[in-house]
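> Pasted the sequence and its predicted model underneath.
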Amino acid sequence: MGFRFLHVIDAITLFAALHLVTALRFGFDWPTFSYPHYVVGFTLATLILLTVYYFGGLYEYEQRLGRPPWLPKASVLTGVAVLLSAGVALSTGRYLMPRGNLVGLFVAATFIVSINRWVARRVRSRRFGVPRVLLVGTPDDIVLAESHLDDTGASAEVAGHVPNTTNLIASIEGMDATDVLLLGGESLEEIYPAPLDELEQRLIGVYRRVLPVDTLLGLQRSREIAGMPFVALRTHAVPTYRLRLKRLLDLLFLLLAAPIALVVLGVAALYVRFRVGRGIIYHQERVGHRGRIFTLYKFRSMIPDAEARTGAVAATTNDDRVAPGMRWIRASRIDELPQLWNVARGEMSLVGPRPERPTFVAQFEELLPGYGRRHDIPPGITGLAQIRGHYQTDPGFKLGHDLQYIVNWSPILDLLILAQTIGVIVRRSGR
C-alpha cells in the first residue's frame, strides 16, 4: 500500500468519520442546516486534516524497523487540524460542522489515521516480506543481537553478518538484505557520506546501536529494535515534508512583506546607483541546496573589480574593498535584499546557512568533515551563524551553528532568527 494510496484511504475514512460523528449525535435529523452545507464543511475539514498530516510527516516514507507508534504523533497533528478548523469558523462565522463535533473529530481522526498506517504496514510486510537485516559488528555483538531477534519474536530475519563496513554494498547485495544494523562502535566516517547516500536512495535502512557515549551528546530520539536501542541514520537531516513546509512559509512571508520590501528595494537601488554608479546588481555563483550551483544577487557594495588583485577571498569586517558610503549598507544587510528574488525562485530560503562560493566549499569540504551536510536545507539570507557570529568567525564554528539549525529546524526557530536578525542589524549598523 503506497503512501499516495494512503492519501485516498485517509480522505475517504475521515470524510466518512465526519458523517458518522454527526449521525451518532443527531441521528439523521441534522440541525438547522441542509445536507449540502455539511458536504462543503466536511470536505474543507477533511482537506485541513490531510494538509496538516502531510506537512506533519504522516505521508513520508518511513524505514521499516523500530518505527515509533503512530498514535502520539497522529493525536498531536489532529489537535492542530481541529484548532485550525475552529479558527476558520471563528474568523469566517461559518462552522464546518456542529461545534460539539470537534471533540468527536479529534478522537475519531486520531484513531483512524493510526489504524490506516498499521494496516498499511501489514500490507507492506505481506507484499515485500519481513525485513532481512545484515548485522555488522564483532562476533559477540552479533551473537547478542541474534539472540534478541530470536527471543523477542521481532518481525525481521537475519540475512547474514559481517565484521565491518568494508564492501558494505556488496555484502548487502550478496545477502539480499533490506536493512543494516551497526552493532559496534563503527566510526560514522566509514559510511558517511558514502555508502550511506546510495543506501538511502535504495531505501535500505541503516541503524546504529546507541552507545553510552552517545548520551553525552544529548541524544533524545532512538527506536527500539528487538529490545535494543538504535538510531536511524540518514544522509539528509531534513525530510522532504519539512522542506516543503519551509518553502510554503517562505512564499507566505514574501507575499505579506512584498509591499514594504518593494519600497525598500527601490530606495536602496537609488542610493546604490548614486554611490557606485552603473551595475548596481552584483551576481555571483554560490552552492545551494543539495550542492546545486545557482546565481546569487545582491546590491554591489565593493569597488569595481574588487578581486582583480586579490582573487577569491572571504570578506572581512573592515574590508578596504568596500566602496565609500556602502559600509552601513553591508552592516545593515540591505545589500542582501535582492536575494528575495532567489527566495521567490526557490533557490534560497529566508533563513538557512549562508551560501558559499564553489571555491570555498571545495576547500571547506576537505578541511571540515561533514561540511556538505549544511546543504541539506536551502541556503538563507540570514541564519543562526549570522546572528551568533561575524564575518571573521571561523568556518568550523559557523558549520556548528548551521548544523544545529538544520537538525532543530522549525517555523518557530525561523521566526526567532528573523527577529534576532533585526536586533543584530540595528546594533551593527549603529557602530
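Happy to help now that I have it.
> quick one: the helices in this structure?
Counting by DSSP state H, the chain has helices at residues 3-26, 35-55, 70-92, 101-128, 139-151, 168-175, 196-201, 240-276, 327-331, 339-344, 358-367, 384-388, 395-407, 411-429.
> Comparing those, which comes out most buried?
Of the helices of the chain, the one with the most neighbours on average (mean count of other CB atoms under 10 Å) is helix 384-388, at a mean of 22. Backbone N, C-alpha and C define where each C-beta goes, glycine included.
> And it, what does it pack against?
Judged by 3 or more CB pairs under 8 Å, 6 or more residues apart in numbering; DSSP states H and E, helix 384-388 is in contact with helix 395-407, helix 411-429.
> Distance from that helix to the middle of the chain?
19 Å (CA atoms, centre = their mean, to the nearest Å).
> returning to what we had before: among the helices of the chain, which gets the worst mean confidence?
Note on those: lowest mean pLDDT is at helix 327-331, with a mean of 78.
> helices or strands up against that helix?
helix 240-276, helix 411-429.
> could the ones you listed be laid out in a markdown table, adding distance to Gln201?
Shown next, in a markdown table, are these (distance: least, CB to CB, whole Å):
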| stretch | distance to Gln201 |
| --- | --- |
| helix 240-276 | 13 |
| helix 411-429 | 28 |
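> looking at the helices of the chain, which is closest to Gln284?
Nearest to Gln284 among the helices of the chain is helix 358-367 (10.0 Å), distances taken as CB to CB.
> Can you give the contact residues for that closest one?
285-287, 293, 312, 314, 356, 371-372, 395-396, 399 (CB atoms under 8 Å, 6 or more residues apart in numbering).
> got it, and stretch 247-263?
55, 337, 340, 343-344, 346, 349-350, 378, 411, 414.
> which of those residues sit farthest apart?
Most distant of these, by CB to CB, are Phe55 and Leu337, 28.3 Å apart.
> Can you report how many residues lie near Arg208?
Arg208: 22 surrounding residues under other CB atoms under 10 Å.
> Can you name the residues that contact it?
Arg208 touches 182, 186, 188, 230-231, 233, counting by CB under 8 Å, 6+ apart.
> let's go with 7 Å and repeat that
Going by CB atoms under 7 Å, 6 or more residues apart in numbering, Arg208 touches 182, 230-231, 233.
> what's the answer for Tyr371, then?
Contacts of Tyr371 (CB under 7 Å, 6+ apart): 364-365, 399.
> can you list the domains in this structure?
Following automatic domain parsing, the chain resolves into domains at 3-127, 132-233, 240-429.
> so who does Ile381 touch?
Contacts of Ile381 by CB under 7 Å, 6+ apart are 336, 339, 348, 350.
> Go again with 10 Å.
Contact analysis of Ile381 by CB atoms under 10 Å, 6 or more residues apart in numbering lists 296, 298, 333, 336-340, 342-343, 348-352, 354-355, 418, 421.
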